[in-house]
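In: Here's a sequence, model it:
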Amino acid sequence: MPKASTSGSTARKSRPDARARAAPDATFVSGKKKQNTIKTTTFSDHQGRTLFSGVVRPGRMHDQTAVRTEGIAEQFRLHPDVHAEVDSGYQGLAKEFPSQVSAPPKKPAQDAPGGDKRAWREARRRQSSARIVVEHTNVEYKQWHLLQRYTGRREDYEQTHLAIAGLVSDRAARRTTRRLTSTELVPVRATAC
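Out: The predicted model follows:
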């Protein structure tokens with residue numbers, strides 16, 4: 001079963017260009033960061049290698065909307081054996097494909113019993129440790145100074161991001177892979193009767 005993790009990454013654009021200062025474009029102003037931002041979506045495999053990085057969009061667009069408009073959500077319908085670990089921005093995708101997409105559980109109410117809160121913390125911890133590989137992949141992109149605080153024209157960001165994504169992907173492909181230990185019992189030697 002192929003397994004992937006996905007995450008939305010945000011790059012801040014430090015200064016709007018002259019046209020943006022004259023007439024601010026609200027589509028790039030993120031509600032969370034209150035700045036000009038550009039978002040991308042990254043998919044990685046269970047070993048932290050980049051499978052896909054793209055879907056460059058304005059900072060105001062939600063992760064869920066980008067996945068749907070680019071047709072990525074439809075791929076879950078076409079490939080039922082694909083599984084993904086996602087962050088909380090993709091809760092709707094996890095509701096639509098519960099057997100394929102795993103999102104962090106919702107926080108219980110304030111007046112919930114202590115057992116429910118402990119169960120929530122444990123479920124969140126497990127999901128977080130399954131998703132850590134994509135966060136490590138996002139860090140590889142942020143190590144490039146150009147993507148830490150992009151100062152170029154927003155029209156050129158997609159080409160810049162895709163060029164760096166190719167370099168990050170090539171570097172990850174050269175890393176030695178970690179073998180996952182199997183719990184399947186395998187006979188050591190054949191027995192003759």
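
In: Only C-alpha atoms from now on, for both contacts and neighbour counts.
Out: OK.

In: quick check: mean pLDDT across the longest helix along the chain?
Out: Using DSSP state H to define each element, the chain has its longest helix at helix 114-142. Regarding helix 114-142, the rounded mean pLDDT is 87.

In: And for stretch 177-193?
Out: 59.

In: What helices and strands are in contact with the longest helix of the chain?
Out: Helix 114-142 is packed against strand 3-13, strand 37-45, strand 83-85, helix 157-174, with contacts defined by 3 or more Cα pairs under 8 Å, 6 or more residues apart in numbering; DSSP states H and E.

In: Just the buried residues of it, please?
Out: Within helix 114-142, the residues that count as buried by 16 or more other Cα atoms under 10 Å are 117, 120, 124, 127-128, 130-135, 137-138, 140-142.

In: now the helices and strands packed on helix 114-142 as TSV including distance to residue 69 and mean pLDDT?
Out: As requested, these are exported to TSV (distance: least, Cα to Cα, whole Å; pLDDT from 0 to 100):
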stretch	distance to residue 69	mean pLDDT
strand 3-13	15	57
strand 37-45	12	84
strand 83-85	18	87
helix 157-174	17	88
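
In: can you redo the ones you listed as a markdown table with mean neighbour count and distance to residue 98?
Out: Output for the helices and strands packed on helix 114-142, formatted as a markdown table (neighbours: other Cα atoms under 10 Å; distance: least, Cα to Cα, whole Å):
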| stretch | mean neighbour count | distance to residue 98 |
| --- | --- | --- |
| strand 3-13 | 22 | 14 |
| strand 37-45 | 22 | 18 |
| strand 83-85 | 23 | 10 |
| helix 157-174 | 16 | 29 |
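
In: Take those and write them to TSV, including distance to residue 97.
Out: Formatted as TSV, those follow (distance: least, Cα to Cα, whole Å):
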stretch	distance to residue 97
strand 3-13	14
strand 37-45	17
strand 83-85	9
helix 157-174	28
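
In: next helix or strand past the longest helix of the chain?
Out: Per DSSP states H and E, the first helix or strand lying C-terminal to helix 114-142 is helix 145-148.

In: For the helix or strand immediately after that following helix in the chain, which strands pair with it and how are they oriented?
Out: Counting by DSSP H and E, the next helix or strand C-terminal to helix 145-148 is strand 149-150. Strand pairing for strand 149-150, using DSSP bridges, gives strand 3-13 (parallel).

In: give the contact list for residue 69.
Out: By Cα atoms under 8 Å, 6 or more residues apart in numbering, the contact list for residue 69 is empty.

In: Equivalent analysis for residue 120, please.
Out: 105-108.

In: dump the residue contacts of residue 49.
Out: 137, 169, 172-173.

In: and if we set it to 7 Å?
Out: Neighbouring residues of residue 49 by Cα atoms under 7 Å, 6 or more residues apart in numbering: 169, 172-173.
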